[in-house]
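[1] any chance you could fold what I've pasted below:
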Amino acid sequence: MSVVFGVDIVGGSVHGKIKPKYAVVVLENGNEFEKIVSRSKLFRMIKKEKPDIIAVDNIYEVFKDKKDLIFFLKNAPSKTKLVQVTDRENSLPSLSKRFGLKINIRNPVDEAKACAYLASFGMGSEISVFTDKTRITVSRNRSLGKGGWRQKKYGRKIHNAVREVYREIRDRIAEAGFEFVEEVKKGYGGISRGVMIVNARRDKVPINSFKTRDVQVVVEAIEKEKIEFIPLRKTLKYLIVGIDPGSTTAVAALDLRGEVVDIKSKKGWSPGEVVEFISSLGKPVVISTDKSSPPEFVSKIRASFNAVLYTPREDMSVEKKRILTSKYATSNDHERDALAAAIDAFNSYKNKLINVEKRLPAGLDSDRIKAEVIKGTPLKEILSVTKEESKTEKLQTDTVSRDEVIRRDKVIERLKEENRILSRKIKELKDEIENLRARIASISREEHEKIRKDTYVKNLEREILDLRKRLKEKDEEIEQLKERIAVLRKMKMLEFQGWKEAKVLRKFTREEIERAEREMGISEGDIVIIMDSSGGSASLAEMLCKKGIKAIICSSEMSHLAAETFEKYNIPRISFDEVEFMMGDDVAVVNAEKFEKVYGERLEETKRRKIDQLEKLVEDYRKRRVV
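    Here you go, the predicted structure:
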């Protein structure tokens, strides 16, 4: 039988000045006894008794923070689980009621007892702070002291001892079949530190922390970033679900105590999506509707869960729905109707469910049994089956325990024999190591010097390759710069020959205009070349016009709004193929003669177009006067 400690705080606090005291209820072999103890006495009890489970309703009543919790779990017995029986959805009183445990919430002993029993029933979550990996660190146990030739000799001795212990541990881990990664820091004459990360839980690794005169070994589980709560068993809420189908479908779910679990509505909700939503909340026992004749949609959902269908004797009136749902907030009439259907179904089973609670013995999951009763199974039959299952489980446990003892005796004998064989093997290996050391010592100084020189030459060759690679990159960079300089020189020569400087915009965007203004400056009388004029807006065109630019050279693609803005400010737009220009980074030079010719033509065209427009306006005005 397992041993379970239920713990609840009596007074004081781990976070305050007054030291806490705890009520401890111990369950063992069907017996229970209780104590009031200090925190230190509680931890001593745990180390001595080695319980299978320590059950609490809040871990922070016992531990100050994550660091305190980790320290406790590192030093707790390896088989002991720390379990928190409550969570956001399940309080201690509600869980106690569900399993027929009578407690006084103001009595810490009662709460500790409830924690112990609930954990023994498989309720709650195990607190997990360690990964399934273990870190083994082998290092010096002593400082090497001050410098000098004696220090080197002493350091060689200690580093050699660290290496021997590290190799022995590594061999044992490999023989045990565990995967691992290692990191070794070399020291004079051996290693100064070796770390192994083993892919196994701490309690599975066959190495413990220890110290010798020269070496220390630390074996510890690797911590998780966050505290995890792992349920002892998967439990589903049993639900009574009301559904209001239509173009907007609503679902309301209650638990078997009539408490609202969730309400939701959605337009165009398919049956599959509704089934998925209900499954995420729990297991429906009853599917209900507000209509006396169930809609096909509701029948499909009921069949998906093999649940009981509840319908009222006659269609539910709006007034009744309002009365049933008056205590709850709903977003729309669909949610109100679904909730009313669920509440009406719960009310029809309410007396039967209360009767089940009264007749159940403590320790049984009342929600599971209520669900069976709703589905039509007599309570007497359920209790009879449950009793037989308990007897069978107990008989199997006793049988397994006797078989387990015999099996363990055989394992112990086998391990003893293996230990004797391994001890002989260790002695043989130590002798072999001594022989190898003698052979290593006999290697000539010339051979050692040759190895050192070979290593030095290889390092130089690697360095030469690296320098050649960098030189090639620099040569390529120089060639690119030479090409740019040649272009800029040619542009400068053309400028001396009468070509005009122009500012270049890569794109017709606000960011590009601001960049050009910041890096080159755009002034009155400047010629601006826009490489990609698509997408420009009227506001961007006006931004350039207000700077007093002389002309725009661009591709033919430009928004009509931007084009109209340039024309409004009498700034000609000239296409690439009408002028001759040369680019270099963010500046360019334009053939002045060709530019001035096209520039004059564009101004004349603009002037003529405006005169034509004015004449047309005058002509239209005269016609209207005549009429």
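[2] what's the first helix or strand after the lowest-mean-pLDDT helix or strand in the chain?
    Across the helices and strands of the chain, mean confidence by mean pLDDT, DSSP states H and E is lowest for helix 379-441: a mean of 67. Remark: after helix 379-441, the chain's next helix or strand is helix 445-496, criterion DSSP states H and E.
[3] past that next one, which element shows up next along the chain?
    Next along the chain from helix 445-496, counting by DSSP H and E, comes strand 500-507.
[4] direction included, what does that next one pair against?
    Here strand 500-507 is paired, per DSSP bridges, with strand 527-532 (parallel), strand 587-590 (antiparallel).
[5] pull that strand out as CSV, backbone CA atoms only.
    Written as CSV, here are the backbone C-alpha positions of strand 500-507 (Å, rounded to 0.1, in the frame of the first residue of the first chain):
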residue,chain,number,x,y,z
LYS,A,500,24.4,69.3,-65.8
GLU,A,501,24.4,67.5,-62.4
ALA,A,502,21.1,65.8,-61.5
LYS,A,503,19.9,64.2,-58.2
VAL,A,504,18.7,60.6,-58.3
LEU,A,505,15.7,59.0,-56.5
ARG,A,506,15.6,55.2,-56.7
LYS,A,507,11.8,55.2,-55.9
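[6] tell me the buried residues in it?
    For strand 500-507, the neighbour count (16 or more other Cβ atoms under 10 Å) marks 500, 502, 503, 504, 505, 507 as buried. From N, CA and C alone the C-beta is placed, and that goes for glycine too.
[7] same deal with stretch 120-136?
    120-121, 123-125, 127-131, 133-136.
[8] kindly report the same for stretch 93-103.
    Result for stretch 93-103 [16+ other Cβ under 10 Å]: buried residues 95, 96, 98, 99, 100, 101, 103.
[9] any chance of a markdown table for the strands paired with strand 500-507, columns mean pLDDT, mean neighbour count and distance to residue 580?
    Below are these laid out as a markdown table (pLDDT from 0 to 100; neighbours: other Cβ atoms under 10 Å; distance: least, Cβ to Cβ, whole Å):
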| stretch | mean pLDDT | mean neighbour count | distance to residue 580 |
| --- | --- | --- | --- |
| strand 527-532 | 90 | 20 | 12 |
| strand 587-590 | 86 | 21 | 7 |
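[10] need those in a markdown table with distance to residue 372, can you?
    Shown next, in a markdown table, are these (distance: least, Cβ to Cβ, whole Å):
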| stretch | distance to residue 372 |
| --- | --- |
| strand 527-532 | 74 |
| strand 587-590 | 87 |
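[11] residue 581 is nearest to which of those strands?
    Closest approach to residue 581 among these (Cβ to Cβ): strand 587-590, 4.5 Å.
[12] CA atoms only: put the closest one into PDB for me.
    Written as PDB, here are the backbone C-alpha positions of strand 587-590 (Å, rounded to 0.1, in the frame of the first residue of the first chain):
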ATOM      1  CA  VAL A 587      24.100  61.400 -58.600                       C
ATOM      2  CA  ALA A 588      24.000  61.700 -62.400                       C
ATOM      3  CA  VAL A 589      25.000  64.100 -65.100                       C
ATOM      4  CA  VAL A 590      22.700  65.100 -68.000                       C
END
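[13] which SSE is immediately downstream of that strand?
    Following strand 587-590 in sequence, per DSSP H and E, is helix 592-626.
[14] name the helices or strands packed onto that following helix?
    If you count contacts as 3 or more Cβ pairs under 8 Å, 6 or more residues apart in numbering; DSSP states H and E, helix 592-626 packs onto strand 551-554, strand 573-575.
[15] pLDDT on that helix, on average?
    For helix 592-626, mean pLDDT is 86.
[16] tilt between it and strand 527-532?
    Between helix 592-626 and strand 527-532, the angle comes out at 90 degrees (axes from the mean of the first three to the mean of the last three Cα atoms, to 10 degrees).
[17] please renumber so the chain begins at 5
    Okay, using 5 as the starting number, the last item reads as helix 596-630.
[18] list the buried residues in helix 596-630.
    Buried residues in helix 596-630 (16+ other Cβ under 10 Å): 596, 599, 602, 603, 606, 610.
[19] quick one: contacts for the last one?
    Spelled out, it's residue 610. With contacts defined as Cβ atoms under 8 Å, 6 or more residues apart in numbering, the neighbours of residue 610 are 571, 574, 576.
[20] distance check, it against residue 289.
    Relative to residue 289, residue 610 is positioned 83 Å away (Cβ to Cβ, to the nearest Å).
[21] return the member of the buried residues of strand 504-511 nearest to residue 539.
    Checking the buried residues of strand 504-511 against residue 539 by Cβ to Cβ gives residue 511 as the nearest, at 7.7 Å.
[22] my read: that closest one touches residue 544, true?
    No: using Cβ atoms under 8 Å as the test, residue 511 is too far from residue 544 to be in contact (10.2 Å).
[23] thinking again about what came up before, identify those among the buried residues of stretch 124-140 that sit within strands.
    Among the buried residues of stretch 124-140, the members found in strands (DSSP state E) are 129, 131, 132, 133, 134, 135, 137, 138, 139, 140.
[24] kindly reformat the residues you listed as a markdown table containing pLDDT.
    Converted to a markdown table, these look like this (pLDDT from 0 to 100):
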| residue | pLDDT |
| --- | --- |
| 129 | 91 |
| 131 | 91 |
| 132 | 90 |
| 133 | 89 |
| 134 | 89 |
| 135 | 88 |
| 137 | 91 |
| 138 | 93 |
| 139 | 94 |
| 140 | 95 |
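[25] can you lay out those residues as TSV showing distance to residue 467?
    Shown next, in TSV, are these (distance: Cβ to Cβ, whole Å):
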residue	distance to residue 467
129	58
131	54
132	50
133	48
134	45
135	41
137	39
138	40
139	36
140	37
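[26] so which of these is the closest to residue 531?
    residue 135 (67.3 Å).
[27] ok, the closest one - contacts?
    225, 226, 227, 228.
[28] 10 Å - rerun?
    Shown in contact with residue 135 (Cβ atoms under 10 Å, 6 or more residues apart in numbering): 201, 203, 205, 206, 225, 226, 227, 228, 229, 232.
[29] check which helix or strand covers the fifth one.
    Just to be clear, that refers to residue 225. Per DSSP H and E, residue 225 falls inside strand 219-235.
[30] and the strands in the stretch 205-354 of the chain?
    214-215, 219-235, 242-248, 252-259, 264-271, 287-292, 312-314 (DSSP state E, counting those that start in this stretch).
[31] and of the ones you listed, who's closest to residue 377?
    Of all the strands of the stretch 205-354 of the chain, strand 287-292 sits nearest to residue 377, with 9.6 Å by Cβ to Cβ.
[32] give the partner strands of the closest one in its sheet and their orientations.
    Here, using DSSP bridges, strand 287-292 pairs with strand 242-248 (parallel), strand 312-314 (parallel).
[33] most tightly surrounded among those?
    strand 242-248 (a mean of 27; mean count of other Cβ atoms under 10 Å).
[34] what's the offset of stretch 15-31 from the middle of its chain?
    Mean-position distance between stretch 15-31 and its chain equals 34 Å (Cα atoms, centre = their mean, to the nearest Å).
[35] no, scratch that, I was asking about stretch 595-612
    Taking Cα atoms, centre = their mean, one finds stretch 595-612 lying 65 Å from the centre of the chain it belongs to.
[36] one step back: tell me the most packed of the contacts of residue 135, by neighbour count.
    Using other Cβ atoms under 10 Å as the neighbour criterion, residue 206 leads these with 21 neighbours.
[37] for the stretch 255-404 of the chain, what spans make up the helices?
    275-285, 300-309, 322-328, 337-363, 370-378, 383-445 (DSSP state H, counting those that start in this stretch).
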